[in-house]
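S.K.: Sequence and predicted model, in that order:
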Amino acid sequence: MSGGLVALLDDVAALAKLAAASVDDIGAAAGRAGVKAVGVVVDDTAVTPRYVTGFTPDRELPIIWRIARGSLKNKIVFILPAALLLSQFLPWALNPLLMVGGAYLCFEGAEKLYEAIWGHHDTQQEEVIKLSSAAHEEKMVSGAIRTDFILSAEIMAISLAEVADQPLVSRALILVVVALMITALVYGVVGLIVKADDFGLKLTRSGSGAAQAIGRGLVKGMPVVMSALSVIGTAAMLWVGGHIIIDGLDKFGLTWPAHTLHELALAAGHAIPFAEGVVEWLVETLGSALVGVLLGGIIVAALHLRPAKAAAH
């Protein structure tokens, strides 16, 4: 009897060790996959703060929390099952779907540029927003979650490519860990950014002269930071969208855009050897953004010209 119990305990211990090893493997794989997607994570962090600009301080964190929940829902409820099924049965469909998402990001970024340059706006929509701050909040949250869907899809696709050799269940667990980890990171950082001015205001009321100086700096500096992040967010949509399009074309066999951009980046990096890596990144990023502006501009022009033609008739 005791021998059977000892054998059972040995089996349980062996299973526990195996489970622990599996958890460690999943955690390590999730970490590697998350690192591969870090570029898109930065873009996601830059894009989000512009959706809470203009709201009262008491609504900022609730709005970020709503967007974070929507982001997690995007990743786990919608993107994860679709990505796993497609990677298992229709792997060829992932690339064109990503390119559609990239085109949408290009359109979003180009439309922001169009509105900034020409001051185009919908007066009727503005009147509705002025009448109801709840409607404004709903509009901004919905827009943030839509944009997040594309960025989340890119993050999950990059992560999926990194662990494509894993069994289906391991793949699913790794991607869940990536989704939780990246959502917490992005929206935690966003929360810190948008509440920094409130923290600064509290410091200005403290007794310490140094703390008050830091507080005044935060209060004065954060509107500039928020404006800069809004610009960075628009630029991020363009360069991420453009990069998705270039990479997608490369996978379809149209290699010259990616090859040309890579060669230009290498040449620029060699010309400035003391900052080679930074220069290469800048050239590739600017090239991707240019593609994003061109494609997004075409889409924006098509959408705005069509109503103009309809009005003329």
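M.R.: Yep, it's here. Worth saying up front: this structure is predicted, and the values here are computed from it rather than measured.
S.K.: Buried by neighbour count: which residues of the host helix or strand of Lys139 qualify?
M.R.: Assessed by DSSP states H and E, Lys139 sits inside helix 133-162. Within helix 133-162, the residues that count as buried by 16 or more other C-beta atoms under 10 Å are 136-137, 140-141, 144-145, 147-160, 162. Every C-beta, even on glycine, is put in place using the N, C-alpha and C of the backbone.
S.K.: what does stretch 270-288 give?
M.R.: Neighbour-count burial for stretch 270-288, counted by 16+ other C-beta under 10 Å, picks out Val279, Glu280, Val283, Glu284, Thr285, Leu286, Gly287, Ser288.
S.K.: And for stretch 99-114?
M.R.: 99, 101-114.
S.K.: for the stretch 101-250 of the chain, which spans come out with low pLDDT?
M.R.: Applying pLDDT under 70 to the stretch 101-250 of the chain flags residues 120-132, 207.
S.K.: Okay, helices next: where are they in the stretch 51-200 of the chain?
M.R.: In the stretch 51-200 of the chain, helices defined by DSSP state H, counting those that start in this stretch lie at 57-73, 80-89, 94-118, 123-131, 133-162, 168-204, listed in chain order.
S.K.: Looking at these, which is nearest to Val231?
M.R.: helix 94-118 (9.1 Å; C-beta to C-beta).
S.K.: Distance from that closest one to the middle of the chain?
M.R.: With C-alpha atoms, centre = their mean, to the nearest Å as the basis, helix 94-118 stands 14 Å off its chain's centre.
S.K.: ditto for stretch 235-251
M.R.: Stretch 235-251 sits 13 Å away from the centroid of its parent chain (C-alpha atoms, centre = their mean).
S.K.: which parts of it are buried?
M.R.: Across stretch 235-251, burial judged by 16+ other C-beta under 10 Å covers 235-250.
S.K.: outside of stretch 65-76, which residues touch it?
M.R.: 48, 51, 141, 144-145, 148-149, 152-153, 155-156, 176, 179-180, 182-183, 186-187 (C-beta atoms under 8 Å, 6 or more residues apart in numbering).
S.K.: average pLDDT across it?
M.R.: The average pLDDT for stretch 65-76 rounds to 93.
S.K.: export that stretch as CSV, just CAs?
M.R.: Only the C-alpha atoms of stretch 65-76 are listed here, as CSV (Å, rounded to 0.1, in the frame of the first residue of the first chain):
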residue,chain,number,x,y,z
TRP,A,65,-9.6,51.2,-19.1
ARG,A,66,-12.4,50.9,-21.6
ILE,A,67,-9.9,50.9,-24.5
ALA,A,68,-7.7,48.4,-22.7
ARG,A,69,-10.6,46.0,-22.3
GLY,A,70,-11.6,46.5,-25.9
SER,A,71,-7.9,45.8,-26.9
LEU,A,72,-7.8,42.6,-24.9
LYS,A,73,-11.1,41.5,-26.4
ASN,A,74,-9.7,42.2,-29.9
LYS,A,75,-6.7,40.1,-29.2
ILE,A,76,-8.2,37.1,-27.4
